[in-house]
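>>> need a structure here:
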Amino acid sequence: MKRRWYPPHDSTTYAHIRAGKLPPIGSVIAFEHRALEILRYDERDDGWIAQVRRIHGPKLKSENDRAECGLRLRNFAILDVYKGRIPLCSCCGDPWPCTREIAEREAREDMQHLAGQMEKAHDGFCYSCGEPITTRQGKVLAPEANIELPGFPPPGFHTRWKCRDGLAAYDQKRRQHLGSQWAPLVSDQPSLN
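Numbers count the residues shown, from 1 in each chain. Here you go, the predicted model:
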């Protein structure tokens, strides 16, 4: 799951691009794991082009041999402007948090999510909320094996509103996985049909 990168909030301020109110030339902005120094501005119909030079971070595709390129700034954009020192990662020298730190954090979150799903993926338990499905409750049972956790039994879901989002998300993943063989999950109660 790729998320937008944000620099530490205590080392940056926000600059709102409105009708010519731009960060001063020489300011350093945070942009996609990079620290970019603003060299000059060129006005366009739909905003501005900031000529920037990469100070820290991975190389941009469009930059020249002097690490300079143009960055399109639309009206009402919000920039993170570094105030003072730029916090850098000690392992790679990129602005903190670096891509390695973010990848490790996302991997930990994904493992926690997977562990939670594995706890709920048992016969007789709702795959959305993890509670037991009793005989008096309506349920939806997927006809095929679990597509998120191969080797686990087909997931079941309560038909109550609390579990509806989990059912819809799993059915969307089924649709992507099965393609033309997909058929919607049908409940044994008319409330979800």
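
>>> mind showing which ranges of this protein have poor pLDDT?
Along the chain, the parts satisfying pLDDT under 70 run over 1-4, 16, 18-20, 75, 186-193.

>>> Let me see the ranges of the strands in it.
Using DSSP state E, the strands found in the chain span residues 12-16, 28-30, 35-44, 47-56, 68-74, 78-82, 139-141, 156-158.

>>> now Cys126, nearest residue through space, not along the chain?
Residue nearest to Cys126 in three dimensions, not counting chain neighbours: His158, with 4.8 Å by Cβ to Cβ, 6 or more residues apart in numbering. For the C-beta atoms, the positions are set from N, CA and C on the backbone; glycine is no exception.

>>> residue contacts, the one you found?
Applying Cβ atoms under 8 Å, 6 or more residues apart in numbering, we find His158 in contact with Cys126, Ser128, Cys129, Glu131, Ile133, Gln137, Gly138, Lys139.

>>> mind listing the helices for the protein?
Using DSSP state H, the helices found in the chain span residues 99-120, 164-178.

>>> Does Glu32 touch Trp5 like I think?
Yes. In this structure Glu32 lies within contact range of Trp5 using Cβ atoms under 8 Å: 6.0 Å.

>>> which one of those two has more residues nearby?
Neighbours were tallied for Glu32 and for Trp5 using other Cβ atoms under 10 Å; the higher tally belongs to Trp5 (16 against 12).

>>> hang on, the earlier thing: can you check which of the strands of the chain gets nearest to Met111?
Proximity to Met111 (Cβ to Cβ) singles out strand 156-158 among the strands of the chain, at 23.6 Å.

>>> so how far is the closest one off the chain centroid?
Its chain's C-alpha centre and that of strand 156-158 lie 27 Å apart, by Cα atoms, centre = their mean, to the nearest Å.

>>> just to revisit the earlier point, and the helices of the chain, which is most packed in?
Most buried of these, by mean neighbour count (mean count of other Cβ atoms under 10 Å): helix 164-178, with a mean of 14.

>>> picking up where we left off before, sort out which one of the contacts of His158 lies nearest Asp45 for me.
When the contacts of His158 are compared against Asp45 (criterion: Cβ to Cβ), the nearest one is Ser128, at 48.7 Å.

>>> give me phi/psi at the closest one?
phi -90, psi -50 (degrees, to the nearest 10).

>>> Run a quick neighbour tally on it.
When neighbours are counted by other Cβ under 10 Å, Ser128 registers 22.

>>> ok, for it, nearest residue in space, not its chain neighbours?
In space, and not counting its chain neighbours, Ser128 is closest to Gly166: 2.6 Å by Cβ to Cβ, 6+ apart.

>>> For that neighbour, which residues are in contact?
Counting by Cβ under 8 Å, 6+ apart, Gly166 makes contact with Cys126, Tyr127, Ser128, Cys129, Phe157.
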